[in-house]
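Q: Compute the structure for the input listed below.
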Amino acid sequence: MPVSSAPRGIFITLEGPDGSGKSSLLPRLAEVLRHGGCEVVTTREPGSTPLGEQIRRLVLDTEPRIDRTGLADALLFAASRAQHVAEVIRPALASGRVVVCDRHRDSTICYQGYGSGLDVEAMRGLQDLATGGLLPDLTILLDVSVDVGLQRRQAGRPDDLNKFELDGTFDRAYHERVRMGYLREAAAGGRWRVVDASGTPEVVAEEVAAIVLEALRPGR
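A: Below is the predicted model:
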């Protein structure tokens, strides 16, 4: 049975530690939603606008190496996010589309807040400022252990490991803090749904699609 997109649009974000499978899930989920009759906009952060793509290259490229503080990274991500929300996300939602975004505000809260040790509430306030208070309607946390995430990244595209994975030596404690931060944020419930992402991409995609389709049902 076709799924009707909500009149005001729905904002869905995919979150999780590195190697959790967000990027491969995004097109699979979009295909299911389009098959169900939704108009879908897929997007990612940082990026998705000319400014955002420049910031993405700056913060994720390993060459040339530029040392930055966690706060500098948080502010760069916030700048990309502000432009992204204004230029892509809000217009798509206003036109009734379903927006599915690979990473959003919770990535900064968990990576720069819990991971890098910045004040979590300050990071939350920074996201409110950058997004104008916009919150996702549904956030899917793809949860995997640090070991599984790292194995996937190294086995998949080791040449694509970014600055946060190649800072000298692998910082297990940092990635454990990031994962713990995600689980702590998700424990609040509300818009969060936690999915065990250690299974095959097909199994994970099926579970996520069921969650999203249920959320899009009329009257939900």
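
Q: Residue ranges in this structure under the pLDDT threshold?
A: Counting by pLDDT under 70, the chain has low-confidence residues at 1-7, 62, 156-170, 219-220.

Q: What segments of it are strands?
A: 10-15, 40-44, 98-102, 138-143, 192-196 (DSSP state E).

Q: okay if I get these as TSV plus distance to residue 30?
A: The way it works is simple: take the backbone N, C-alpha and C, and place the C-beta from them, glycine included. What follows is the strands of the chain, written out as TSV (distance: least, CB to CB, whole Å):
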stretch	distance to residue 30
strand 10-15	10
strand 40-44	5
strand 98-102	6
strand 138-143	13
strand 192-196	17
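
Q: Using a markdown table, lay out those together with mean neighbour count and distance to residue 26.
A: Converted to a markdown table, the strands of the chain look like this (neighbours: other CB atoms under 10 Å; distance: least, CB to CB, whole Å):
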| stretch | mean neighbour count | distance to residue 26 |
| --- | --- | --- |
| strand 10-15 | 24 | 6 |
| strand 40-44 | 19 | 6 |
| strand 98-102 | 24 | 5 |
| strand 138-143 | 23 | 11 |
| strand 192-196 | 18 | 14 |
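
Q: Residue 68: which of those strands is closest?
A: strand 40-44 (20.6 Å; CB to CB).

Q: Could you spell out the sheet neighbours of that closest one, each with its direction?
A: Strands that pair with strand 40-44, judged by DSSP bridges, come out as strand 98-102 (parallel).

Q: any idea of the angle the partner strand forms with strand 10-15?
A: Counting by axes from the mean of the first three to the mean of the last three CA atoms, to 10 degrees, strand 98-102 lies at 10 degrees to strand 10-15.

Q: now strand 98-102 against strand 138-143, angle please.
A: 30 degrees.
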